[in-house]
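In: 3D, please:
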Amino acid sequence: MDVEKRTLIVREIEHWRRSKLLPEQYCDFLLNLYRDEEVNKDSEVFGISTKFVQNSSWLGWLLSFGVISLICFIALHFNSFALSMQMAVIGAAVVILYCAGMIWRTRKRTLAVMLFGAGSILMLWFGIHFLTISGYAEGHLTALYIAICGLLWIVLGITLVLPFLHLCGWLGLVLAYGWWIHLESVSESMWIHELYWIPAGFFLCWLAWLVHHRSKSTSGVLLMAGGLLWLMPQLYQLLVEQAVESHIQWIGFGKLLLAGLILFVSRKKWTEWVA
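Out: Coordinates of the predicted model:
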């Protein structure tokens, strides 16, 4: 049975058990049945079946290591290429990685996540590298480029049902927003920083509640992103502004404890959003 279908069935059975829709013994029997099927399947290494590796031919190994050698050669001599050549190589690599991720996402989800992650890191790195050599790394264009990458990852993460990529998209938007705040330097007041971040965090948590009936994974990602924004004022002051005041740390610890208390009290609510 397909991995996604089996996972969906297991989650549905667990929901039946929690809701008392079926007898507990019957739910245990069904869970053991589907979990035994998962245990008995072939073991995998980075999403690749061990039997596939064991039964592979010498030609496949030769082609694989030939491709790896070509990639290493290009990486070592990358800076000696013309800028147009660099753009072509990186663009082709990102497209290949993304297309491979789309092909493998239903059969080898772990491998697909690795491919999407590699393509996203490559795209982000080269964009910042290009802006650096062009002399625009310290301006607003870097924040704009990171925001564009974040929006692309959010769209792909939601469309392809990849929570990891979706979360990376929100992290990219948070990074771009923090970069913009740093460039503007409107005020270093603690309360101003709270106004920069906290309303956006509450907005994301509200969105998580709004969409949890349609997509549990999207709701979970939005809840995590909202929780990150709850702590961002203190993280920004400590990491970006290099603030050394002890009260900033104590406020951060207090907000972390308050977040834990809120999650504990509302655990029966938010767990239904994400599971």
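In: What are the boundaries of the helices in the stretch 1-150 of the chain?
Out: Assigned by DSSP state H, counting those that start in this stretch, the helices in the stretch 1-150 of the chain fall at 3-19, 24-39, 50-54, 58-76, 83-104, 109-133, 140-159.
In: Now mean neighbour count too, for these, in CSV please.
Out: Any C-beta I mention is one placed from the backbone N, CA and C, and that applies to glycine too. Below are the helices of the stretch 1-150 of the chain laid out as CSV (neighbours: other CB atoms under 10 Å):
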stretch, mean neighbour count
helix 3-19, 14
helix 24-39, 12
helix 50-54, 11
helix 58-76, 10
helix 83-104, 15
helix 109-133, 18
helix 140-159, 18
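In: Nearest to residue 262, out of these?
Out: Ranking these by proximity to residue 262 (CB to CB) places helix 3-19 first, at 21.9 Å.
In: sorry, back to before: put together JSON lines for the helices of the stretch 1-150 of the chain, with distance to residue 203 and mean pLDDT on each row.
Out: Below are the helices of the stretch 1-150 of the chain laid out as JSON lines (distance: least, CB to CB, whole Å; pLDDT from 0 to 100):
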{"stretch": "helix 3-19", "distance to residue 203": "28", "mean pLDDT": "73"}
{"stretch": "helix 24-39", "distance to residue 203": "38", "mean pLDDT": "67"}
{"stretch": "helix 50-54", "distance to residue 203": "46", "mean pLDDT": "62"}
{"stretch": "helix 58-76", "distance to residue 203": "41", "mean pLDDT": "70"}
{"stretch": "helix 83-104", "distance to residue 203": "29", "mean pLDDT": "83"}
{"stretch": "helix 109-133", "distance to residue 203": "25", "mean pLDDT": "83"}
{"stretch": "helix 140-159", "distance to residue 203": "15", "mean pLDDT": "88"}
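In: Quickly find the element holding the residue most central in space within the chain.
Out: Centroid-nearest residue in the chain: residue 164, 3.0 Å away (criterion: CA atoms, centre = their mean). In this structure, residue 164 is located in helix 163-184 according to DSSP states H and E.
In: in that helix, what's buried?
Out: 163-181 (16 or more other CB atoms under 10 Å).
In: ok, back up a step: in CSV: the helices of the stretch 1-150 of the chain, plus distance to residue 209.
Out: As requested, the helices of the stretch 1-150 of the chain are exported to CSV (distance: least, CB to CB, whole Å):
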stretch, distance to residue 209
helix 3-19, 19
helix 24-39, 28
helix 50-54, 43
helix 58-76, 44
helix 83-104, 30
helix 109-133, 27
helix 140-159, 17
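In: Helices of the stretch 151-275 of the chain, start to end?
Out: With DSSP H, counting those that start in this stretch as the criterion, the stretch 151-275 of the chain has helices spanning 163-184, 190-211, 216-239, 246-265, 267-274.
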